[in-house]
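**Q** please find the sequence and the predicted model below.
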2 protein chains.
Amino acid sequence: MKLTINKNELNEAIQQVAKAVSSRPAIPILGGIKIDVNHQHVTLTASDTDISIQSFIEVEQKDMIIAHVDKPGSVVLPAKFFVEIVKKLPSEQVMIEVSDSYQTIIRSGPSEIQMVGLDPEEFPVLPPIEQNNVLQLPGDLIRSMIRQTILAASTSEQTPILTGVLCNLHDGVLTFVATDRHRMASRKTKTDTDETMSFHNVVIAAKTLNELSRLIPDQNTMVDIVVADNQVLFKIDNILFYTRILDGMFPDTSKVVPQSYVTEITLNTKEFMDAIDRAYLMSREEKTNVVRLSTLDEDMIQVSSSSTELGRVTEQLEAKGLSGEPLRIAFNSKYMLDVLKVIDSEQLVMGFTGPMRPIIIRPTDHDYSTYVILPYRTTD
Amino acid sequence: MKLTINKNELNEAIQQVAKAVSSRPAIPILGGIKIDVNHQHVTLTASDTDISIQSFIEVEQKDMIIAHVDKPGSVVLPAKFFVEIVKKLPSEQVMIEVSDSYQTIIRSGPSEIQMVGLDPEEFPVLPPIEQNNVLQLPGDLIRSMIRQTILAASTSEQTPILTGVLCNLHDGVLTFVATDRHRMASRKTKTDTDETMSFHNVVIAAKTLNELSRLIPDQNTMVDIVVADNQVLFKIDNILFYTRILDGMFPDTSKVVPQSYVTEITLNTKEFMDAIDRAYLMSREEKTNVVRLSTLDEDMIQVSSSSTELGRVTEQLEAKGLSGEPLRIAFNSKYMLDVLKVIDSEQLVMGFTGPMRPIIIRPTDHDYSTYVILPYRTTD
């Protein structure tokens, strides 16, 4: 293998795939990045046991020569050093030459780097995925759906399935759901897909979705999603992102949200978030994060928290709407803050069916998002 | 005590003194910020065992009323919560009222916060410092001197004196020196001081100087320095910064720099730093950070490093000047990088008296800074 390639293009592709390299690889070869070179493409691949990322560099792009290939071939290079050194090479051009024993020489300006490469045949082969049923969505929509649900995923490995986000496609509606049994977040979107296409119980690790989110560029990009038996493939421009589907059945959350409420409160999202934030500061001193919410007269509500050592925070807010019975309820203010930070609506409505029943939070602008927080049982 | 004060002014002063609050205070009162209010000033004070910071807010500034004082007084408020909550108060005005039992009420817009305050009489009194001999220096000069020396201070508490920077004033010249016995950094400056004023063996913890550095604003500010028996006071605008002088004798470093060299090399600082940076990346894989430097023919030098598992980096650079005997020397590339990052000169000159003797590094633009790195003994 021998080629000369533009440093910035190479570096960008390396940074993209590097996210799939484990810092503690299960086998040494997974600590590397595989480079495959032919006369059309330079392909970089990295993989840990859960995700694999592949990035393609076209040798010629819009009449620009990005890479000059002298000899096709493949090699696996140790990721940690390779990722850092390419960034810092002195010239815009990088020459990479690999001998039969995978001994690799990288030259750039006055720098010469010799690296011990590994046999690319040892690198795991990516799963073949039939690309019949492709679901296409705008990248920023996927990013929003991820951001608005992963907050409720569990971080405990005790129930692995709850560390994931459930993705269902049914009647053209894609739904993301996450829950750690104390709270739930759900986000829907209508897709243009043929209504015969559907999938169920596709659960993807929240941390994987977070990585995926970072790979989706800010500008308008369409993302292709292909669901296979135990893998999901996301195609973003020149990147293929493969992730494993988590094993197990995701709990049924369809009955969590009640049909009607005893009390409903409409609030300005920012005002409520700021008040909860101040109450949270006091509540976290007690570790429990307990904040109380009570309805007062004349459309006012009160948010309060206290700490035996430190004192007490009391906040009064005017509700934009308040109907039903008076209410006193306590909840984890950190959970509430997590929800309020991702609500993309100037106002929100909270629904209650009693002090020991789930709190339902929804934006007022649309009905795509639903958040649920279980209250605390308190003696007060 | 009762006053109404501008939130931003209060917040700024809190952030300034908060740097002196220990996260694990030796006694509970040191986990607090003391507030003293009279009809002219609101004074905030925080202190750990090593440093104390005091910030003054003038009640009236340029015909602006910053604070309205109803009743003078003092209180100590728990820092951690107080620092966070003031930032997040909803209104531009903050009312603080303290009862006889130090129970404190803070009101801002619709927020009410009750805090358990502590008795200000329990707060340590700051040392009285006679301000006869004041050394005045521009703030950005002090920041540079700190930045260009603290890199060489020890981080090991085994020899506490070496975790500090030695400050001497002699014949109107102020000198900062730091060393961890493997390297040394020294920075001088000529001052306008009366030449009879002098001090010696004033050693201030490097981490304290780092904190001081952050308190000095970017714009042109003069800083007053007052050295007392076991304390140094820095006055920066409305801030007083007190620090303890470290106990012990700082080692004599005056003989470290030789009078003449066997080999001298002049290099472009940026080019040399980039080459060392790439060699460092490989050398750190071996934990030792060993990089070798050799002179070649025709004013060229070579920088190289290797790792048994990973490979080898070789860099060739053209020297801007090269005189004396050929040289092969090895050193810690991390130490060299630390020096190269703070050299404020386009070119530098390195002086050598042999492969086992100290490496001297100096900017070519001026003679205020000197850096010394001890070489490695290597078998190669």
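**A** Received, thanks.
**Q** chain center to the worst-scoring helix or strand of chain A on mean pLDDT, what's the gap?
**A** Within chain A, no helix or strand scores below strand A:60-61, which has a mean of 89 by mean pLDDT, DSSP states H and E. Remark: strand A:60-61 is offset 31 Å from the chain centroid, using Cα atoms, centre = their mean, to the nearest Å.
**Q** so which residues make contact with that strand?
**A** residue A:66 (Cβ atoms under 8 Å, 6 or more residues apart in numbering or on different chains). Bear in mind the C-beta positions are built from the backbone N, C-alpha and C, glycine included.
**Q** may I have the strands that pair with it, each with its orientation?
**A** Take DSSP bridges as the rule and strand A:60-61 pairs in its sheet with strand A:64-65 (antiparallel).
**Q** now the partner strand: mean pLDDT?
**A** Averaged across strand A:64-65, the pLDDT comes to 92.
**Q** strand partners of the next helix or strand after that strand, parallel vs antiparallel please.
**A** Downstream of strand A:64-65, the next assigned helix or strand under DSSP states H and E is strand A:67-71. Paired neighbours of strand A:67-71 in the sheet (DSSP bridges): strand A:2-6 (antiparallel).
**Q** C-terminal to the lengthiest helix in chain A, what's the next element?
**A** Assignment by DSSP state H gives helix A:269-283 as the longest helix of chain A. Sequence order places strand A:290-295 as the next helix or strand after helix A:269-283, per DSSP H and E.
**Q** might you enumerate the residues of the stretch 251-380 of chain A proximal to chain B?
**A** With Cβ under 8 Å from any Cβ of the partner chain as the criterion, the stretch 251-380 of chain A meets chain B at residues A:274-275, A:277-278, A:281-282, A:285, A:309-317.
**Q** what two of the residues you listed are the furthest from one another?
**A** Across these, the longest distance by Cβ to Cβ is 26.4 Å; it joins A:309 and A:317.
**Q** which stretches of the stretch 51-200 of chain A form strands?
**A** A:51-58, A:60-61, A:64-65, A:67-71, A:73-78, A:93-98, A:103-108, A:111-116, A:134-138, A:164-170, A:173-179, A:183-190, A:199-205 (DSSP state E, counting those that start in this stretch).
**Q** lowest average confidence across the ones you listed, which one?
**A** strand A:60-61 (a mean of 89).
**Q** buried subset of the residues of the stretch 251-380 of chain A next to chain B?
**A** Using 16 or more other Cβ atoms under 10 Å in any protein chain shown as the burial test, these include A:274-275, A:277-278, A:281-282, A:285, A:310-315, A:317 as buried.
**Q** how about the nearest residue to residue A:41, chain neighbours excluded?
**A** In this structure, residue A:41 finds its nearest non-sequential neighbour in residue A:56, 5.2 Å apart by Cβ to Cβ, 6 or more residues apart in numbering or on different chains.
**Q** residues near the one you found, how many?
**A** Burial of residue A:56, expressed as a neighbour count using other Cβ atoms under 10 Å in any protein chain shown, amounts to 16.
**Q** need the contact list for residue A:153.
**A** By Cβ under 8 Å, 6+ apart, the contact set of residue A:153 is A:162, A:163, A:164, A:165, A:178, A:179, A:180, A:206.
**Q** tell me how chain A divides into domains.
**A** Per the record, chain A has its domains at A:2-122, A:134-244, A:263-373, by automatic domain parsing.
**Q** thinking again about what came up before, specify which member of the contacts of residue A:153 is nearest to residue A:246.
**A** Closest approach to residue A:246 among these (Cβ to Cβ): residue A:164, at 4.4 Å.
**Q** bridging residues for that closest one?
**A** residue A:205.
**Q** surely it and residue A:205 touch.
**A** Yes. In this structure residue A:164 lies within contact range of residue A:205 using Cβ atoms under 8 Å: 5.1 Å.
**Q** what's opposite residue A:97 in the beta bridge?
**A** The partner residues for residue A:97, given DSSP bridges, come to residue A:2, residue A:105.
**Q** thought it was touching residue A:104?
**A** Yes. Using Cβ under 8 Å, residue A:97 makes contact with residue A:104 at a distance of 7.0 Å.
**Q** who has more neighbours, the two?
**A** residue A:104 (23 against 17).
**Q** mind checking how far that one is from residue B:206?
**A** Distance, residue A:104 to residue B:206, using Cβ to Cβ, to the nearest Å: 42 Å.
**Q** buried ones in stretch A:65-80?
**A** A:66, A:67, A:69, A:73, A:74, A:75, A:76, A:77, A:78, A:79, A:80.
**Q** of those residues, closest to chain B?
**A** Proximity of the buried residues of stretch A:65-80 to chain B (Cβ to the nearest Cβ) peaks at residue A:78, which lies at 6.0 Å.
**Q** quick one: residues contacting residue A:333.
**A** Applying Cβ under 8 Å, 6+ apart, the residues contacting residue A:333 are A:276, A:279, A:280, A:283, A:284, A:289, A:290, A:291, A:305.
**Q** need phi/psi at it.
**A** phi -70, psi -30 (degrees, to the nearest 10).
**Q** against chain B, how distant is it?
**A** 13 Å (Cβ to the nearest Cβ, to the nearest Å).
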